[in-house]
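Engineer: Next come a sequence and a model predicted from it.
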Number of protein chains: 2
Amino acid sequence: MTTGTASARTRLDPARRRTQLLDLGVGLLATRTLDELTIDLLAERAGISRGLLYHYFGGKHAFHEAVVRRAVEDLVAQTAPPAGGEPLERLLASMTSYVDYVTANYEGYASIVRAAQGGHEALRRLHEQARNVLTDRIFTEDAQGAVIPDTPATRLAVRGWSAMTEELVLTWAADPGPVTRDQLLAAVTGSLPALVDLLR
Amino acid sequence: MTTGTASARTRLDPARRRTQLLDLGVGLLATRTLDELTIDLLAERAGISRGLLYHYFGGKHAFHEAVVRRAVEDLVAQTAPPAGGEPLERLLASMTSYVDYVTANYEGYASIVRAAQGGHEALRRLHEQARNVLTDRIFTEDAQGAVIPDTPATRLAVRGWSAMTEELVLTWAADPGPVTRDQLLAAVTGSLPALVDLLR
């Protein structure tokens, strides 16, 4: 039972407050690298004290990990393929969402991939989990194996394809000059069955 | 003018001694991660003092950087395609050398890629340079554009293909069960013109 704005603010459910702060952090990350997303910046934008942020997140690394976990959840949700349609059409829809996500969140996404591939162990695990979720989806969304039968060889193919897709989309988003978005999408989508055919 | 073994050892040309130490370091790296390749270990295997190694390399980071630079030179040299033959045959020969290199040097190579993609700035630059050398070679070795014309779009395709190849070969070398070496090579080699066709 809140009785006014100031009171509502202080009494806001901690879990909800944390969620709001993470949403704000993910939004700030779209146009900033992870290094640029400091607790000071978030405190300033949220209009609350650094001390309270430390209370919610425990420190810079834990804060970054929580923001990245939320960003990964967003990425996975936003790239979910549509419920109906042909497998390749659904893959194209999913890849379209992926390209749009990377374009809209380039700075943060590129810095997460860089940090994840390297020394930051917690981010590396999150990045690996995200890849696994996205890779598994290729198979669960295509349970009949219309595009790709689920075998160890095709799992290897999808893993290579994921690395290629990440590199292609990140490179293209940094400098889209060479090809159109449609060309990029056609290449990303079309290369999966091509690579699976080569490795099957 | 050396007059005996002990004397020859102390008087050995510093550049030659450094080269020998780097060769030893690269050899040790084949079955070890970069973190496991310590100055202590090299000193023990070379039979010289840690102090002398610090004199030659200046510190752990500079030592690792020198070893990785040498390893990259080896990789580039060993994967040079043969002088004659059809473009796709020469690509297959080069990729065969790459797969064999990664297989023979798995521990060190995987750890270099991990370190390079992440926080270690000097290694990241070396890794990027190596990728650029290997990418440029695709075009200089195929100056007539028989397989791939040199355009911004095909440069993008080769960049994505390189990331895929690195991931495929590293994953396969860690667990070669799913496909044979020949299947892997056919997929890596065949996917380049396929991807270029998709992006051209």
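Structural biologist: Thanks, I have the structure now.

Engineer: Now do the nearest residue to residue A:149 once chain neighbours are set aside, the pLDDT please.
Structural biologist: Excluding the flanking residues, the one nearest residue A:149 by Cβ to Cβ, 6 or more residues apart in numbering or on different chains is residue A:200, at 7.5 Å. For every residue, glycine as well, the C-beta is placed using N, CA and C. The confidence metric pLDDT takes the value 76 at residue A:200.

Engineer: what sits against residue A:200?
Structural biologist: Contacts for residue A:200 (Cβ atoms under 8 Å, 6 or more residues apart in numbering or on different chains) come out as A:149, A:151, A:153, A:154, A:157.

Engineer: Could you tell me the angle between the strand or helix carrying the third one and helix B:152-174?
Structural biologist: Secondary-structure assignment from DSSP states H and E places residue A:153 in helix A:152-174. Put simply, helix A:152-174 runs at 140 degrees to helix B:152-174, going by axes from the mean of the first three to the mean of the last three Cα atoms, to 10 degrees.

Engineer: pLDDT on the strand or helix carrying residue A:124, on average?
Structural biologist: When elements are assigned from DSSP H and E, residue A:124 belongs to helix A:121-140. What helix A:121-140 shows for mean pLDDT is 78.

Engineer: Run through the residues that contact residue A:68.
Structural biologist: Neighbouring residues of residue A:68 by Cβ under 8 Å, 6+ apart: A:34, A:112, A:116, A:123, A:126.

Engineer: quick revisit: which other helices and strands contact the helix holding residue A:124?
Structural biologist: Under the contact criterion of 3 or more Cβ pairs under 8 Å, 6 or more residues apart in numbering or on different chains; DSSP states H and E, helix A:121-140 touches helix A:60-78, helix A:106-117, helix A:152-174.

Engineer: just how off-centre is that helix within its chain?
Structural biologist: 10 Å (Cα atoms, centre = their mean, to the nearest Å).

Engineer: Could you give the number of residues near the nearest residue to residue A:179 once chain neighbours are set aside?
Structural biologist: Nearest residue to residue A:179, sequence neighbours excluded (Cβ to Cβ, 6+ apart): residue B:153, at 5.0 Å. Counted with other Cβ atoms under 10 Å in any protein chain shown, the neighbours of residue B:153 add up to 19.

Engineer: With residue A:187 as the reference, measure out to residue B:153.
Structural biologist: Remark: distance between residue B:153 and residue A:187 (Cβ to Cβ, to the nearest Å) = 9 Å.

Engineer: same deal with residue A:134?
Structural biologist: Distance, residue A:134 to residue A:187, by Cβ to Cβ: 18 Å.

Engineer: Please identify which of these two sits among more neighbours.
Structural biologist: The neighbour comparison of residue A:134 against residue A:187 (other Cβ under 10 Å) goes to residue A:187, with 27 against 19.

Engineer: Wait, the more buried one touches residue B:198, no?
Structural biologist: Yes. Shown here, residue A:187 and residue B:198 form a contact pair, counting by Cβ atoms under 8 Å, at 3.9 Å.

Engineer: on that earlier part again, just name the closest of the contacts of residue A:68 to chain B, please.
Structural biologist: Distance to chain B, by Cβ to the nearest Cβ, is smallest for residue A:116 among the contacts of residue A:68, at 7.9 Å.

Engineer: that older thread, worst average pLDDT in the helices and strands packed on helix A:121-140?
Structural biologist: Minimum mean pLDDT among those: helix A:106-117, a mean of 80.

Engineer: Are there helices or strands packed against it, and which ones?
Structural biologist: Here helix A:106-117 touches helix A:14-29, helix A:60-78, helix A:121-140, helix A:152-174, helix B:106-117, going by 3+ Cβ pairs under 8 Å, 6+ apart.

Engineer: between these, which gets nearest to residue B:54?
Structural biologist: helix B:106-117 (21.0 Å; Cβ to Cβ).

Engineer: Just want the angle from the closest one to helix B:121-140.
Structural biologist: With the same axes, to 10 degrees defining the directions, helix B:106-117 sits at 100 degrees from helix B:121-140.

Engineer: what's the neighbour count on residue A:132?
Structural biologist: By other Cβ under 10 Å, 12 other residues sit near residue A:132.

Engineer: tell me which parts of chain A are close to chain B?
Structural biologist: Contact residues, chain A versus chain B (Cβ under 8 Å from any Cβ of the partner chain): A:114-120, A:151-153, A:155-157, A:159-168, A:171-172, A:177-179, A:183-184, A:186-187, A:190-191, A:194-195, A:198-199.

Engineer: follow-up on the earlier one: now the common contact residues for residue A:187 and residue B:198.
Structural biologist: In contact with both residue A:187 and residue B:198: residue B:157, using Cβ under 8 Å, 6+ apart.
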